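>>> What shape does this take:
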Amino acid sequence: MRFTSVVVAGVLTCLVLAGAVAADPLSADELHTTLHLVPTQEPAWQAYQTAIRPDPVARTRQRATLMLLPTLSTPRRIDLLNAQMEAELAAMRRQGEAVKAFYATLTPAQQQAFDAATAPSADQPTPSAPLRRPPGG
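A predicted model of the protein is given here:
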């Protein structure tokens, strides 16, 4: 039982960290303005915004997983948690590729501005900070 509690706590921590990435101080509009995007960069910006938008289906799946866990045997819980973590990893990779594709369209000065705007704050470090979606964006 202790192992399951540790696994569930680990999954919850990952989910909390994934939610924490939305704590960006700039809104999408502010980031767009800060970057001084030119019209040729707009398609990449839109693709980036679409890719990092929270997926309501994934959030529903996460909640369903957490509700289902107590009803399953330990091997089934492990399988379900592994599947959930693989889905989260696939989403993170997809978002990461979108960030890199957008970043590649930026000038060096815009890249510096993007880096500064998306860097984790000292009080909220997280390895997924560059994938943050600005609030209200």
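>>> where are the low-confidence patches of the protein?
Where the chain drops to pLDDT under 70, the residues are 1-25, 123-137.
>>> which other helices and strands contact the longest helix seen in it?
For the chain, the longest helix by residue count, based on DSSP state H, is helix 74-104. Helices and strands touching helix 74-104, by 3 or more Cβ pairs under 8 Å, 6 or more residues apart in numbering; DSSP states H and E, are helix 2-20, helix 42-52, helix 56-68. All C-beta atoms are positioned from the backbone trio N, CA, C, and that covers glycine.
>>> C-terminal to that helix, what's the next element?
Once the chain leaves helix 74-104, the next helix or strand it forms, by DSSP states H and E, is helix 108-118.
>>> Buried residues of that following helix, list them for me.
Buried residues in helix 108-118, counted by 16 or more other Cβ atoms under 10 Å: 110, 113-114, 117-118.
>>> Dihedrals phi and psi, the closest residue in space to Ala44 that isn't next to it in sequence?
Distances taken as Cβ to Cβ, 6 or more residues apart in numbering place Thr105 nearest to Ala44, at 4.2 Å, with adjacent residues excluded. Backbone geometry at Thr105, expressed as degrees, to the nearest 10, gives phi -90, psi -10.
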